[in-house]
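Visitor: here are the coordinates; sequence isn't available:
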């Protein structure tokens, strides 16, 4: 039995924009078909009490894991008919009755919502796994087709902007807002602090760097998911522009009075970051959170990965992908280590104690007591 859920409704068409205004306990009303894990993580971090989706959490195209991530953490999920108008819900106190599958508005109006249960989740995931092969075929076809058009990305057709940050001969760390990027970044903390690589944040990846206490040297992207705090941190700013001349991210930076450069080039923002580090002479490029397989790109809503395929071919052996490194090895102390550690710590302590006068006096008294008691 689930109790009614009461909270302020927050409405948004883009999940990554909506999470910026969510407060703990509020109800997120989203429009996100095939919710990916990164979006689910951001909603979980916002500590929402429930999520209402105007699109299917899983459409059946592929087994996206966002709904499972939220469900495992106790967040209740509901689906809503996409034809229902929700703009007026913004900022209003609403109540969801999970048992009756009803949402109650302050006006008294009731709206039907459908609970997204574990059984539905399991059924949808099973259906989507059957569809993976056909989706893979379309994905590969699109990748090869787009690769012909985007070949100039790696043949020098597009001029690489000059940056003031010294990169040549150094390691470069490229951080992207991808699955488990926070965990991967935390796992290589010692590497960052010892090697001092150039820190390149791709949009929201810059936020993760700041959260760990590191100031990004460069920020590259559309500038739609990066915080104002990151933008004014002193990093060099490079806006990813479209080939038709548009650069939507530039408007935000102009309004903030910040200096920036625009790089009009095909591909994704993370491709640009890798290419920039490579062309600037980085000795090694370490990538965190990047998208490198079909599931990653379907999560991003892209039908292919031509630019990423081409850029990774060019960057080659100097690229180290740290994706998933947090799960590779987690050092845990073993019971067998305890005795040697206790001995190693105890011996110096015993030596030090034995040299003190109070300890010597205590030993002399003990000897005298034994001699008296035993008649020696």
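Guide: The structure has been received and is ready for your questions. All figures in this text were calculated on a predicted structure; none of them were measured in a lab.

Visitor: what pLDDT does residue 190 get?
Guide: At residue 190, the pLDDT value in this model is 91.

Visitor: name the residues of the helix or strand hosting it that are buried.
Guide: Following DSSP states H and E, one finds residue 190 within helix 189-195. Buried residues in helix 189-195, counting neighbours by 16 or more other Cβ atoms under 10 Å, are found at residue 192. For every residue, glycine as well, the C-beta is placed using N, CA and C.

Visitor: same deal with stretch 139-147?
Guide: For stretch 139-147, the neighbour count (16+ other Cβ under 10 Å) marks 139, 142, 143, 146, 147 as buried.

Visitor: which of these lies closest to residue 219?
Guide: Nearest to residue 219 among the buried residues of stretch 139-147: residue 146, at 26.1 Å, using Cβ to Cβ.

Visitor: isn't that closest one right next to residue 306, touching?
Guide: Yes. Between residue 146 and residue 306 there is a contact at 3.5 Å, judged by Cβ atoms under 8 Å.

Visitor: what about residue 54, how many neighbours?
Guide: 18 (other Cβ atoms under 10 Å).

Visitor: shouldn't it be in contact with residue 35?
Guide: No. Residue 54 lies out of contact with residue 35 (Cβ under 8 Å); the separation is 11.7 Å.

Visitor: all strands of the stretch 51-200 of the chain, in order?
Guide: Along the stretch 51-200 of the chain, counting by DSSP state E, counting those that start in this stretch, strands occupy 76-79, 93-97, 102-104, 110-112, 114-115, 171-176, 198-202.

Visitor: got those strands as CSV, with mean pLDDT, distance to residue 276 and mean neighbour count columns?
Guide: Shown next, in CSV, are those (pLDDT from 0 to 100; distance: least, Cβ to Cβ, whole Å; neighbours: other Cβ atoms under 10 Å):
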stretch, mean pLDDT, distance to residue 276, mean neighbour count
strand 76-79, 96, 39, 20
strand 93-97, 95, 46, 18
strand 102-104, 93, 47, 19
strand 110-112, 93, 48, 14
strand 114-115, 94, 46, 14
strand 171-176, 96, 9, 27
strand 198-202, 96, 8, 27
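
Visitor: in TSV, list these along with distance to residue 261.
Guide: Shown next, in TSV, are these (distance: least, Cβ to Cβ, whole Å):
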stretch	distance to residue 261
strand 76-79	42
strand 93-97	45
strand 102-104	47
strand 110-112	47
strand 114-115	48
strand 171-176	17
strand 198-202	14
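
Visitor: so which of these comes closest to residue 135?
Guide: Checking the strands of the stretch 51-200 of the chain against residue 135 by Cβ to Cβ gives strand 76-79 as the closest, at 21.9 Å.
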